[in-house]
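*Asks:* following is a predicted model, sequence given first.
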Amino acid sequence: MIVLTVSYETEEYDELLAAVQKANKLRRNILFSLTERVGRTDPLSFYYRGQAQFSGARFFWQNETGNQIIAGLGQAVKIDADKEGSRVKNVRNRWREILDTAVLSGVSGGEGTGPLLLGGFSFDPKTKPSGLWHRFGAGLFYIPALSLTDFHGQTYLTINLACSAGDDPEKLMDRLQEMKKNIPGKLGTIPISRERLIEKKEKEPDEWKRTVQRAVYRMTASDLDKIVLARALELVFDDPINSESVMGRLREQQKGNFIFSLESSGDCFLGATPERLVRKRGNELFSTCLAGSIIRGKDEASDKLLGDELLKDPKNRLEHQYVVSAIKEALERLCKSLSVPDEPIVMKNKHIQHLYTPVQGTCDPDVSVFDVIDRLHPTPALGGVPTDKAVIWIRENEKLERGLYASPIGWADAFGNGEFAVGIRSALIHGKKATLFAGCGVLQDSIPEKEYEETAVKFRPMLSAFGVKL
Ligand SMILES: C=C(O[C@H]1C=CC=C(C(=O)O)[C@@H]1O)C(=O)O
Ligand SMILES: [Mg+2]
């Protein structure tokens, strides 16, 4: 259990009072955010234990090194990203407005602690989310009611409250007290999933290959150079899927990846992605160029041979280079200095190897992590080249709803830090059904069958997390 003490004779009460007075004066809602250092607790168990109180409104994040883990429960303030056009700027502006008047109380734990904005955007704001993704819209962002961050082994808990004009401070204090009493703590037992797979449905594989072929023709006949095409696979179980055990498996099996989940009502989007879109730490920016793929070998020697083959393969190198050029160009406009290695290296994940170029830069102080997302998304690892034309081609020809697949998902804090990954190697859980997504970079010389096989490999991390035998 996480136990926090409560008293009305504290600074925290004075600060809550100050937040209410501000709300009265400005006639608008004011965020009150209280952060305390707590005993070491795994945010994944806080997430699990939060199920009873906050089911359908949970967020989880673990960075690729595992030294930063964040769980968010409930929604204190929701930000609507559902406006067309400049949705990323809308979210950035709203977050800034909230922080401008927020009252922060308690301790400051630095990067990824204190009040956080959690969530993700959809891939393409111009496709109206329908059946599958209707609960996520063009994006879903919120400041959680509770968040727990483990950063380099230290754990911080934050409680957020939205104070409105006319609120009774005593009642708010009671609410704060109530929240403190009910903080989900350590977990006794990890939930075990009992659901069994009853059906595995590939969505129209032959038609998908024909779409790849059409993309190839289209690129041969026009100035389009790259189109990333995705396909879906559906798993049906005999009982509602336990997303928590899927999370547990992802964490065990996909070391070196970003593990994420974002719930919306009864649905849960989750995955283990190798691809960082941006990390912002103060003025430092980090991004990842990741494109070009090959399977893992059965032993060390064959694995190395495959990695070397990938490094030398002209199609994969070009597929990768498009991403490097685009990220470089986008970040050059935001950065005072930028370092981009000349040659990619190989990133090895459990099921797949990729060409990988890490990018690092220093940006101006007023650049927000959302400005970076606005410039970068979608990179040619997910969209294509040129971006606008490729996205239109995808919108008109790819026969699936991407929703938040291949899109930025992550967090921003109040101190100018934030991190977003691209939601690939992912699935959307809806009751007994999970829809898995996998895409690949199609170029003029793509062979549909080979791209099909590549996407089959990219399904593996999620299949394995769902307990499906490979
Ligand atoms: C679009 C996906 O992967 C991208 C990231 C790495 C390698 C890719 C590739 O080689 O095609 C893709 O661009 C996906 O996994 O769904
Ligand atoms: Mg590829």
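*Replies:* Good, I have the coordinates. Numbers count the residues shown, from 1 in each chain. Ligands and ions are numbered 1, 2, ... in the order given.

*Asks:* how about the nearest residue to P115, chain neighbours excluded?
*Replies:* Among residues not flanking P115 along the chain, S33 sits closest, at 4.0 Å (Cβ to Cβ, 6 or more residues apart in numbering). In short, each C-beta sits where N, CA and C put it, glycine included.

*Asks:* what about that neighbour, neighbour count?
*Replies:* The tally of other residues near S33 (other Cβ atoms under 10 Å) stands at 24.

*Asks:* can you tell me the average pLDDT over the helix or strand encompassing it?
*Replies:* Using DSSP states H and E, S33 falls within strand 30-38. What strand 30-38 shows for mean pLDDT is 96.

*Asks:* residues in contact with it?
*Replies:* By Cβ atoms under 8 Å, 6 or more residues apart in numbering, the residues outside strand 30-38 that reach it are 2, 4, 12, 15-16, 19-20, 22-23, 76-77, 98-99, 101-109, 113-115, 143, 148, 154-163, 172, 176, 414.

*Asks:* element containing whatever residue of the stretch 151-300 of the chain ends up closest to ligand 2, please.
*Replies:* Nearest residue of the stretch 151-300 of the chain to ligand 2: S293, at 4.5 Å (Cβ to the ion). Assessed by DSSP H and E, S293 sits inside strand 284-295.

*Asks:* ok, now which ones touch K399?
*Replies:* Contacts of K399 were listed using Cβ under 8 Å, 6+ apart, and they are K203, E204, E207, W208, T211.

*Asks:* relative to A230, how far out is it?
*Replies:* K399 sits 10 Å away from A230, taking Cβ to Cβ, to the nearest Å as the criterion.

*Asks:* and L338, by the same measure?
*Replies:* Distance of L338 to A230, given as Cβ to Cβ: 30 Å.

*Asks:* which of the two has more neighbours?
*Replies:* A230 (21 against 18).

*Asks:* any idea of the angle the helix or strand containing that one forms with strand 284-295?
*Replies:* In this assignment (DSSP H and E), A230 forms part of strand 226-237. Counting by axes from the mean of the first three to the mean of the last three Cα atoms, to 10 degrees, strand 226-237 lies at 70 degrees to strand 284-295.

*Asks:* could you number the chain from 34 rather than 1 from now on?
*Replies:* From this message on, residue numbering opens at 34, which makes the last subject strand 259-270.

*Asks:* what's the closest non-adjacent residue to K122?
*Replies:* Spatially, and ignoring its direct neighbours in sequence, K122 is nearest to D407 (6.5 Å; Cβ to Cβ, 6+ apart).

*Asks:* after the helix or strand where the one you found lies, which helix or strand is next?
*Replies:* Here D407 sits within helix 402-409, counting by DSSP H and E. Next along the chain after helix 402-409, taking DSSP H and E as the criterion, comes strand 417-418.

*Asks:* tell me how many other residues crowd the residue of the stretch 34-183 of the chain found nearest ligand 1.
*Replies:* Relative to ligand 1, the nearest point of the stretch 34-183 of the chain is F156 (10.5 Å; Cβ to the nearest ligand atom). Neighbours of F156 under the rule other Cβ under 10 Å: 28.

*Asks:* which ones are touching R127?
*Replies:* I112, D113.

*Asks:* picking up where we left off before, who wins for most neighbours among the contacts of K432?
*Replies:* That'd be W241 among the contacts of K432, by other Cβ under 10 Å, with 22 neighbours.

*Asks:* correct me if wrong: P419 contacts M252.
*Replies:* No: contact criterion Cβ atoms under 8 Å: P419 and M252 do not qualify, at 11.4 Å.

*Asks:* joint contacts of these two?
*Replies:* Contact criterion Cβ under 8 Å, 6+ apart; residues shared by P419 and M252: D258.

*Asks:* compare those two (neighbour count), which wins?
*Replies:* Per other Cβ under 10 Å, whichever of P419 and M252 has more neighbours is M252, with 22 against 15.

*Asks:* which helix or which strand is home to that one?
*Replies:* Going by DSSP H and E, M252 is in helix 238-253.

*Asks:* give me the contact list for that helix.
*Replies:* 257-260, 262, 264, 426, 430-432, 475-479, 481-482, 484-485.

*Asks:* just the buried residues out of the residues you listed, in ChimeraX syntax.
*Replies:* Provided next is the ChimeraX selection string for whichever of the contacts of helix 238-253 are buried by 16 or more other Cβ atoms under 10 Å:
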select :257,258,259,260,262,264,426,431,475,476,477,479,481,484,485
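
*Asks:* which of the contacts of helix 238-253 fall in helices?
*Replies:* Judged by DSSP state H, the subset of the contacts of helix 238-253 located in helices is W426, N430, P481, E482, E484, Y485.
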